[in-house]
Structures are given as structure tokens and as C-alpha cells.
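S.K.: okay, predicted coordinates and the sequence, questions at the end:
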Amino acid sequence: MQLGKPIELHGKPVAGSKFPIICTPLVGRTRDRILNEVNVVLAKQPDVLEWRVDFFEGIANSAEVISVATSIRQAAGDVPLLFTRRSIREGGEKISLSEEQVIALYHAVCESRQVDAVDFEMSNDPAHIALVREASRVNGIKLILSYHNFQLTPGLGILNQRFLQAQQLGADIAKIAVMPGDMADVLTLLNATLQSSQMLKIPLISMSMGPYGSITRLFGWAFGSALTFAVGAAGSAPGQLSIEDINTVLGMVQKSLTGK
């Protein structure tokens, strides 16, 4: 049972077309803490690592960022690396860089080719989105265009429009994360995921956050979400579950659905 499109990197489906794939965040503030996280997380066999660079104290030094990305890549081996600067307006850490400097950092990281994908928010200036799109495309790196709302869950039509907007802006993957006020909001997010996964040409990632939304991290794949985030060493958003718990539930549910 697979309703969504799998995520591909470098022309191949991640983890042999596994659906969903599991991504674990790296949120250390120093090189040593990040690399320690990598060792802890890799032992739990994630499918993708996400480096949340907005947590990194050395973010203002692009050479240092690339050096750390290179070290992560060497330690991770074949496990793909996603590079993300989450803005403070969408739940990220406060950083000292201007938006122009952030774009320059993304450009440098893409040119280094030490990452497999980058995440950039659709709320950014359209000109900046275009620059990141070009830098990622030229260097063979996938672009996730994302939307996060930590206050509420917009209506079904708005969520579908956000997914469509990502595709129209040139995303390789569209991502939406929202905060539910009740279980009806969770159903709205899942319904939008189902509808958009059937209409769009690109893979989708979706989740509701917080306690109500934890169900989407376990079952969002059944509605078309190609990736779920799980805690390996430390979480990066409210409601994330451990990679062990997600693997356990996925195994049981998928076995019951497929009979295998």
C-alpha cells in the first residue's frame, strides 16, 4: 500500500524505495557535539540525516559549515544528508546572518556538494527562492520547499495550495508542517496530503506537530507523506517520536496491510 511518490536522490530512490523513509535531525551547537550525534544516530539506522545548521554556533563561517558538512558526510557514508536553516519565524533558532548571507551560505554548501538536499522556506523572498533553486539544480542537489505554521492548521484549500505552490516554485519535494488545535485539524492535514499526493508530480512530506500530531508521524505515509522525522539523539520539533518507536509501529502496521 503506497499512495505517495518516493523521494529520489541522485537518480535513485532513497533506501531502496522504502516508504516512508525516516529522517533524524542533528542539532548540536558545536562540531564535536554534532559529530557525536552522528555516531549515536547512525547506530539506529536512519534513512536520512538532517543537519539543522541554525543550531550551529559557527553558522556565520561558511568554510566551517562546509568543513562540518564534509565530516558528517564522511561519517555517514551512504546515508544522505539534508541541509536546513530553519528561520526563526518558522520555528528555527535565532542566527546572526542576514537573509542575503543565508543565501550565500546555501550557495556555498550547494557548490561543495557535501549534501544531498537542501530545505528552504516558501515564505522567503521569491528572488531568494530562485537563487537557491538555481544553486541546487546546477550542483545536482534536491530542493525541498517548505511551509511551517506553529500557531494553527490552515484550511484544506490553503494547505493544498501550499503544496501546489512548492511545485510551481520548482521544488523537487514539498513539505508542510502545522500545529493542530484538535484531531479535526489532524484530519485536515492528512486529507490535504492525500489529495495533493494524487494531484502533484513531486513527492510530499507532511506532519502535524505536538501531541495531537504525533499520529501523522506514524501514519502519514498511508496518506502520501514520503518521509517522517524521528528523534535519534535530540528532537528538532514538538511531537517527534523516537526512531525505535516509529520503526516498531511502521513494521506492525505495514505487515497488517500487506500480509507480509
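M.R.: Noted; the coordinates are in hand.
S.K.: for the closest residue to P20 other than its chain neighbours, give me the pLDDT.
M.R.: In this structure, P20 finds its nearest non-sequential neighbour in W221, 3.8 Å apart by CB to CB, 6 or more residues apart in numbering. Where C-beta positions appear, they are placed from N, C-alpha and C, glycine not excepted. pLDDT for W221: 94.
S.K.: go on, G239?
M.R.: At G239, the pLDDT recorded in the model is 55.
S.K.: same check on G232?
M.R.: 65.
S.K.: what does the one 4 residues further on give?
M.R.: Model confidence at S236, expressed as pLDDT, equals 50.
S.K.: can you check L187 too?
M.R.: 98.
S.K.: F83 against V53, yeah?
M.R.: Yes: between F83 and V53 there is a contact under CB atoms under 8 Å: 6.4 Å.
S.K.: please enumerate the helices of the stretch 101-250 of the chain.
M.R.: Residue ranges of the helices in the stretch 101-250 of the chain, as given by DSSP state H, counting those that start in this stretch, are 126-138, 156-168, 183-199, 210-219, 243-258.
S.K.: nearest to I176, of those?
M.R.: Ranking the helices of the stretch 101-250 of the chain by proximity to I176 (CB to CB) places helix 156-168 first, at 5.6 Å.
S.K.: roughly how far out does the closest one sit from the chain middle?
M.R.: 17 Å (CA atoms, centre = their mean, to the nearest Å).
S.K.: show me the contact partners of that helix.
M.R.: Here helix 156-168 makes contact (CB atoms under 8 Å, 6 or more residues apart in numbering) with 122, 145-147, 153-154, 173-176, 178, 188-189, 191-192, 195-196, 199-202, 204.
S.K.: restricted to buried residues, select those in PyMOL.
M.R.: Those of those that count as buried under 16 or more other CB atoms under 10 Å are selected in PyMOL with:
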select buried, resi 122+145+146+147+153+154+173+174+175+176+178+188+189+192+195+196+200+202+204
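S.K.: dump the helices of the stretch 101-250 of the chain to JSON lines, plus distance to F19.
M.R.: Listed next are these as JSON lines, based on distance: least, CB to CB, whole Å:
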{"stretch": "helix 126-138", "distance to F19": "23"}
{"stretch": "helix 156-168", "distance to F19": "18"}
{"stretch": "helix 183-199", "distance to F19": "11"}
{"stretch": "helix 210-219", "distance to F19": "13"}
{"stretch": "helix 243-258", "distance to F19": "9"}
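S.K.: comparing those by mean pLDDT, which bottoms out?
M.R.: helix 243-258 (a mean of 79).
S.K.: helices or strands next to it in the packing?
M.R.: Counting contacts by 3 or more CB pairs under 8 Å, 6 or more residues apart in numbering; DSSP states H and E, helix 243-258 packs against strand 21-26, helix 210-219, strand 227-231.
S.K.: okay, these, which one's buried deepest?
M.R.: Each of the helices and strands packed on helix 243-258 was scored by mean neighbour count; the highest is strand 21-26, a mean of 25, by mean count of other CB atoms under 10 Å.
S.K.: now the helix or strand that that one is followed by: buried residues?
M.R.: Per DSSP states H and E, the first helix or strand lying C-terminal to strand 21-26 is helix 31-42. For helix 31-42, the neighbour count (16+ other CB under 10 Å) marks 31, 33-35, 37-38, 41-42 as buried.
S.K.: what does helix 31-42 contact?
M.R.: Residues contacting helix 31-42 (CB under 8 Å, 6+ apart): 24, 26-28, 49, 51, 56, 58, 64, 67-68, 71-72, 75-76, 79, 232-234, 243.
S.K.: right, and the helix or strand after that helix?
M.R.: strand 48-52.
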